[in-house]
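**Student:** Have a look at this prediction, sequence included:
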Amino acid sequence: MGYWITMILVPVTWYWVLAGFIAFRVFDIIKPFPIGWLDRKVGGGLGIMVDDVIAGVYAAFVIQLLLVFTSF
């Protein structure tokens with residue numbers, strides 16, 4: 001789910017697909033606030049989904065910034 005959110009409005013080219021995957025995985029692994037906090041406080045499957053959704057939103061924001069400021 002988080003990767004799908006990351007890839008909203010992203011051109012389907014190999015480098016953007018790779019950039020989106022890397023950005024999502026970085027946020028999913030590092031878990032900046034509030035991802036880590038929610039991961040600890042919300043249990044079960046809902047906690048896993050909330051964690052992925054927020055990581056996807058963060059990654060989508062980064063990818064959209066890259067799209068705006070690069071000419072690829």
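**Tutor:** Done, it's in.

**Student:** switch to C-alpha atoms for all contacts and neighbour counts from now on
**Tutor:** Will do.

**Student:** Off-centre distance for the helix or strand of the chain with the lowest mean pLDDT?
**Tutor:** For the chain, counting by mean pLDDT, DSSP states H and E, helix 35-41 ranks last in confidence among helices and strands (a mean of 86). Taking C-alpha atoms, centre = their mean, to the nearest Å, the mean C-alpha location of helix 35-41 is offset from the chain mean by 15 Å.

**Student:** pLDDT (mean, whole number) over the next helix-or-strand element following it?
**Tutor:** Next helix or strand after helix 35-41 toward the C-terminus (DSSP states H and E): helix 44-69. Averaging pLDDT along helix 44-69 gives 93.

**Student:** Return the set of buried residues in stretch 22-42.
**Tutor:** For stretch 22-42, the neighbour count (16 or more other C-alpha atoms under 10 Å) marks 23-25, 27-28, 31, 35-36, 38-39 as buried.

**Student:** out of those, who's nearest I54?
**Tutor:** Among the buried residues of stretch 22-42, I35 lies closest to I54 (C-alpha to C-alpha), at 6.4 Å.

**Student:** which helices and strands does the helix or strand containing R25 pack with?
**Tutor:** Using DSSP H and E, R25 sits within helix 14-30. For helix 14-30, the packing partners by 3 or more C-alpha pairs under 8 Å, 6 or more residues apart in numbering; DSSP states H and E come out as helix 2-6, helix 44-69.

**Student:** What distance do you get for the residue nearest to K41 when sequence neighbours are not counted to F27?
**Tutor:** Distance criterion C-alpha to C-alpha, 6 or more residues apart in numbering; nearest residue to K41, sequence neighbours excluded, is G47 at 7.7 Å. Distance from G47 to F27, counting by C-alpha to C-alpha, to the nearest Å: 15 Å.

**Student:** Next, the contact list for the residue nearest the centre of the chain, please.
**Tutor:** Against the mean C-alpha coordinate of the chain, by C-alpha atoms, centre = their mean, the closest residue is G56 at 2.5 Å. Counting by C-alpha atoms under 8 Å, 6 or more residues apart in numbering, G56 makes contact with 1-6, 24, 27.
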